[in-house]
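Asks: Here's a sequence, model it:
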Amino acid sequence: CRDCGAILEGMKQYADAATMYEKAGSHERAAQLHIKLKDFNKAAPLMAKVTTPKLHVEYAKAKEKAGQYREAADAYERGKDMDSVVKLCLEHLQTPQRAFSLARETRSTSAAETIVEYCKKNRDFRSAIEFLLVAKDTQQAIELAQAHDMMDAYALFLGKEGTPGDYVGIAKFYESKNAYEQAADFYEKAGQFHKALKLYLQVGEKALDKAIDVVGAARNENMTNILVDYLMGDHDSVAKDPNYLFRLHMALGNFKHAARTAVIIARQEQENGNYKVAHKMLFDTYKDLESQNISVPRELEESLLLLHSYVLVKVLVKQGDHDNGARMLVRVANSISKFPAHIVPILTSTVIECQRAGLKKTSFEYASMLMRPEYRPSIAEAYKKKIESIVRKPTKTEEEDPVSPCPYCAAQCPTQQLDCPQCRNRLPYCIATGLKMIITDWTFCPSCRFPALHSKFTALIEAEKSCPMCDNEIVPSSITKVSNPDEYLKKLANQQEEPEEESKK
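Replies: A predicted model of the protein is given here:
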């Protein structure tokens, strides 16, 4: 059949040749002859089997001449002639959005130029700006944006594809309109960091986060000093929120300075009774330092431990673990001056929980403290008689603290003691109990990777769902027991040595 088709084609008997080609399965050749004869009805069912783009374009051209624009557009698209599709959509089909989508996808300069003319005629200047940029006609795009006050659209469509000169042009426009923050954004994109910082500071506190980001990107000592002076209040005698100084140190990679600032900020929050805020500040800084392989300063570590011990009290008491709850309260009460907003309530809770835990002597000590003139009037009426009774009829004996082995040297010392008297190491604590870690009952939180006693952490997660340190929800099945935490202990010991060596220098 194929040979017959070729003979008939040579004799210019195209209709019969097409039929023979079709019978032979030569669909593309048959379709081509049907198109040549303008017999679109016979060509149409064959086009789905045609893979040659050129043939689809021939079919499209024939359809376009016949005024069948929708079918022509579809055929041009199958033939990958998107410029012709765009032209038909705009001139005959009245489907500009289809044209716009195709031009965005193909980034065709020719299609974009066709769309620009269409948009100008229809006074759709926003779209005209977009497609002038697609057509690489930046100058005409910015002129159109300025003429019709559409610089926002120009900036949006330019995105990250602009040159420094393009961004400076946008910045100058916004600066002329006193839109200093927007101007600064584009000076920063253009790499003119000093100019950007100047304008951000002119905007004021609203743009301070951006000012910090630009100084972090510039890493310029002069710019850093300008921003620090601003934050310290040199220009208006009003010192800014210390959180900005913390963020600046983080942006510059000055993690040790950031850690010191974080401790100061957390201390202020703690003094105001905002314990969760302070805890989060210290925890986040701890993880940031850890991610940079920088030793966590002891002051930050101890501040986080103290706040975490306070956070744990509510959890432990809720679980009925009054013994550990009492020991955490004692740890907090030993530093009660760091909790000025709640001195009496904390001391009161310490007295009550120590009584419940059988720590009678300790309970008496803190009850006696509450009897001081500066505290006594503030004791809640519900507990006043109880506390007075403890002081009048004291029990000054109690059992010795339970002990557990040091994870470094195995020396026995009280479970709540976090400095080993034998090997002098600072000891890791369990985030579920606040007690010293034990090698044979070890795990890490799957989220924050802080250590915990496996048995205690598993029970806590089953009851509370979330880690008390990072506050993330934990799936119980993700908690795995660690058989050998030596690597972690060595890393911890090395971190303890580094600050000591630095202090000797």
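Asks: Tell me where the model's unsure across the stretch 401-505 of the chain.
Replies: Applying pLDDT under 70 to the stretch 401-505 of the chain flags the ranges 496-505.
Asks: Quick one: the helices in the stretch 351-500 of the chain, in order.
Replies: 360-370, 381-392, 454-464, 486-504 (DSSP state H, counting those that start in this stretch).
Asks: Stretch 318-335: which residues count as buried?
Replies: By neighbour count on 16 or more other Cβ atoms under 10 Å, the buried set for stretch 318-335 is 319, 321-333. Yep, even glycine has a C-beta here, placed from its N, CA and C like the rest.
Asks: Same check on stretch 256-273?
Replies: Using 16+ other Cβ under 10 Å as the test for burial, stretch 256-273 gives 258-263, 265-267, 269-270.
Asks: Kindly indicate which of the residues you listed lies nearest residue 285.
Replies: Of all these, the one with the least separation from residue 285 (Cβ to Cβ) is residue 262, at 4.0 Å.
Asks: so the closest residue in space to residue 485 that isn't next to it in sequence bridges to which residues?
Replies: Spatially, and ignoring its direct neighbours in sequence, residue 485 is nearest to residue 442 (4.9 Å; Cβ to Cβ, 6 or more residues apart in numbering). Beta-bridge pairing for residue 442 (DSSP bridges): residue 453, residue 482.
Asks: need the strands for this structure, in chain order.
Replies: Secondary structure of the chain (DSSP state E): strands at 403-405, 412-414, 442-444, 451-453, 481-482.
Asks: if you compare the ones you listed, which one is most tucked away?
Replies: When these are scored by mean count of other Cβ atoms under 10 Å, the highest mean neighbour count falls to strand 451-453 (a mean of 24).
Asks: any low-confidence regions in the protein?
Replies: For the chain, applying pLDDT under 70 flags the ranges 1-10, 14, 16-27, 34, 40-41, 45, 496-505.
Asks: which helix in it runs the most residues?
Replies: Ranked by number of residues, the top helix in the chain under DSSP state H is helix 298-318.
Asks: Off-centre distance for that one?
Replies: What separates the centre of helix 298-318 from the centre of its chain is 26 Å, taken as Cα atoms, centre = their mean, to the nearest Å.
Asks: in that helix, what's buried?
Replies: Within helix 298-318, the residues that count as buried by 16+ other Cβ under 10 Å are 300-301, 303-313, 315-317.
Asks: Kindly report the same for stretch 207-216.
Replies: Residues 207-208, 210-216 are the ones in stretch 207-216 that count as buried (16+ other Cβ under 10 Å).
Asks: May I see these organised as CSV, with distance to residue 73 added?
Replies: Below are the buried residues of stretch 207-216 laid out as CSV (distance: Cβ to Cβ, whole Å):
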residue, distance to residue 73
207, 49
208, 53
210, 47
211, 52
212, 52
213, 47
214, 48
215, 53
216, 51
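Asks: Go through those residues and flag which are in helices.
Replies: Judged by DSSP H, the buried residues of stretch 207-216 include 208, 210-216 as members of helices.
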